[in-house]
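Participant: coords please:
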Amino acid sequence: MARFLRPLLWGTTYTRLLHLWVPMLFVSVWLFIDLSKPWVPAVLLIPLGLVPAVRRGEGVQARFMLAPGERGGEDQAFSVAPSAGLRDRWRTVLWLEARLVLGWLTCAATVWLPVLAFDLGRAAAGHRPAGDPVVSLLDPGWSCALLVPLPLLALYGAVVGLGELVTILARRLLGPSPAERLAALEQRTEQLLERNRIARELHDSIGHALTVAVVQAGAARAAGDPSFTDRALVAIEETGRAALEDLERVLGVLRETERPASGRPTLADADRLLESARASGAKVEAEVSGPLETVPGPVSREGYRILQESLTNVLRHAGSVPVRVRIEVRDGTLGLEVRNPLPAGRSGPARGSGLRGIRERAALLGGRARTGPHEGVWQVHAELPVS
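Facilitator: Predicted coordinates for the structure are as follows:
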């Protein structure tokens, strides 16, 4: 029984009831003007529903009054945009007409059913109400008291049932159009891509800094040379400071969705990566050719991250080995190549998220990347379109 009466404790039940009552205010005003033509409000709703802004107003009302608990959800059940086409306008007209009919039924139920229960109570006390056609058919007496709960139960069913019905109709008629659903899907896709990009940023930047710090600290401990230790500490400090800058920038992107990407490092900052790798013991030979300054920002930024991940893998898996880096811009393509000898007994880095991130970065720009052993060396080769 308690579960059956639970909707009476929900605030949504009463906001829906209020939403159903609202159209009857318009009808009541018209009936004061001309009682002989009650159908006129239904006709006036047709041109009203064709106004694009009406759909937005009805959507806001439905969102706040029919399903207030869903306002913060990602998938909104009700559109709050103006009508985008003729189909949306006629859906709005149909919604207004349905809302008017349901409002009339609600008003009739909430007025007549309580009066009927009151008249049955009077009949149970021995009075014969003259105005009620239903009660007038009954003989006054105590048996009428057994009928009093029936109109109250009907009132309960009408309030809850009509509230559910108007919510279902609102979802169908005021729901997002296919174009709005597609726009929402594209927005969510962009958000997921941004999250994946941030994850790769953190992996590449912080992973590189930690690798350099570990390699430098291990080399300094093994060398036992105070001057070498000082250089290693300087390299660790510089790498850590750069990693903190990258971390602050990525966190800024998380906090500010409109933050521009112009602060991200590009291939113009590649010297910092090369010097960091050299300070960690790798013998890096770099060859840069072509107009690097003509490379667009997105391509240059992703190229920087590919180079960073490649050097990180060298330091992590091969150690202090000769590394050959080639950066070339030619024929509308940015070529990146990092080659290093394979350590004895090793086949190169495992197939982890870093190598997968390199291939994903290249694919997102319409390019390609190959990673793996090649002619006795480990090679990362990426080609990114510049135009």
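Participant: drop to CA atoms for contacts and neighbour counts, all remaining ones
Facilitator: OK.
Participant: for Leu5, grab phi and psi.
Facilitator: Torsion angles at Leu5 (phi, psi; degrees, to the nearest 10) stand at phi -90, psi 0.
Participant: and the pLDDT for it?
Facilitator: For Leu5, the model assigns a pLDDT of 77.
Participant: any idea how far stretch 297-317 is from the chain center?
Facilitator: Computed by CA atoms, centre = their mean, to the nearest Å, the chain-centroid distance of stretch 297-317 equals 29 Å.
Participant: I should have written stretch 33-51 there, sorry.
Facilitator: Worked out by CA atoms, centre = their mean, stretch 33-51 lies 40 Å from the chain centre.
Participant: for that stretch, C-alpha coordinates in CSV please.
Facilitator: Extracted in CSV, the C-alpha atoms of stretch 33-51 (Å, rounded to 0.1, in the frame of the first residue of the first chain):
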residue,chain,number,x,y,z
ILE,A,33,-14.8,36.5,-23.8
ASP,A,34,-17.0,34.1,-25.7
LEU,A,35,-18.6,31.1,-24.0
SER,A,36,-20.3,29.9,-27.2
LYS,A,37,-17.1,29.0,-29.0
PRO,A,38,-14.9,26.9,-26.8
TRP,A,39,-13.0,25.5,-29.8
VAL,A,40,-11.4,28.8,-30.6
PRO,A,41,-8.3,28.3,-28.3
ALA,A,42,-7.5,25.0,-30.1
VAL,A,43,-7.5,26.8,-33.4
LEU,A,44,-5.4,29.7,-32.2
LEU,A,45,-2.7,27.2,-31.0
ILE,A,46,-1.9,26.2,-34.6
PRO,A,47,-0.3,29.5,-35.7
LEU,A,48,1.3,29.8,-32.3
GLY,A,49,3.0,26.5,-32.6
LEU,A,50,4.5,27.4,-35.9
VAL,A,51,6.5,30.2,-34.3
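Participant: where along the stretch 51-200 of the chain do the strands fall?
Facilitator: Taking DSSP state E, counting those that start in this stretch to define them, one finds no strands in the stretch 51-200 of the chain.
Participant: flag the shaky bits of it, pLDDT-wise.
Facilitator: Scanning the stretch 51-200 of the chain for pLDDT under 70 picks out 69-76, 129-134, 136-137, 178-180, 182-187, 189-191, 193-194, 197, 200.
Participant: at 90 what do you get?
Facilitator: 52, 54-57, 59-89, 91, 108, 111-152, 171-200 (pLDDT under 90).
Participant: distance-wise, check Thr167 relative to Val159.
Facilitator: As judged by CA to CA, to the nearest Å, Thr167 and Val159 stand 12 Å apart.
Participant: cool, and Trp30?
Facilitator: From Trp30 over to Val159 (counting by CA to CA), the distance is 25 Å.
Participant: comparing those two, which residue is more hemmed in?
Facilitator: Val159 (23 against 16; other CA atoms under 10 Å).
Participant: show me what contacts that one?
Facilitator: Thr13, Leu17, Thr106, Thr110 (CA atoms under 8 Å, 6 or more residues apart in numbering).
Participant: next: Pro151.
Facilitator: Pro151 neighbours (CA under 8 Å, 6+ apart): Leu113, Pro114, Leu116, Ala117.
Participant: quick one on the thing from earlier: could you dump the contacts of Val159 into TSV with distance to Leu342 and neighbour count added?
Facilitator: Below are the contacts of Val159 laid out as TSV (distance: CA to CA, whole Å; neighbours: other CA atoms under 10 Å):
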residue	distance to Leu342	neighbour count
Thr13	71	21
Leu17	74	22
Thr106	80	23
Thr110	83	19
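Participant: nearest to Arg330 among these?
Facilitator: Distances from Arg330 to those, taken as CA to CA, are shortest for Thr13 (68.2 Å).
Participant: what strand or helix carries the closest one?
Facilitator: helix 11-33 (DSSP states H and E).
Participant: show me what that helix is packed against.
Facilitator: helix 40-49, helix 52-65, helix 86-124, helix 149-173 (3 or more CA pairs under 8 Å, 6 or more residues apart in numbering; DSSP states H and E).
Participant: so which of those helices is nearest Ala217?
Facilitator: Across those, closest to Ala217 is helix 52-65 (CA to CA), at 59.2 Å.
Participant: and the closest one, which residues are buried?
Facilitator: By neighbour count on 16 or more other CA atoms under 10 Å, the buried set for helix 52-65 is 52-56, 58-65.
Participant: check stretch 20-34 too.
Facilitator: So for stretch 20-34, counting by 16+ other CA under 10 Å, buried means Leu20, Trp21, Pro23, Met24, Val27, Trp30, Leu31.
Participant: in a markdown table, list these along with distance to Arg195 and pLDDT.
Facilitator: Output for these, formatted as a markdown table (distance: CA to CA, whole Å; pLDDT from 0 to 100):
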| residue | distance to Arg195 | pLDDT |
| --- | --- | --- |
| Leu20 | 43 | 91 |
| Trp21 | 45 | 91 |
| Pro23 | 45 | 87 |
| Met24 | 49 | 87 |
| Val27 | 52 | 84 |
| Trp30 | 55 | 80 |
| Leu31 | 58 | 80 |
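Participant: closest to Pro82 among these?
Facilitator: Distances from Pro82 to the buried residues of stretch 20-34, taken by CA to CA, are shortest for Pro23, at 20.3 Å.
Participant: quick one: that closest one from Pro176, how far?
Facilitator: 23 Å.
Participant: so who does Gly303 touch?
Facilitator: So Gly303 contacts Thr266, Leu267, Leu336 (CA under 8 Å, 6+ apart).
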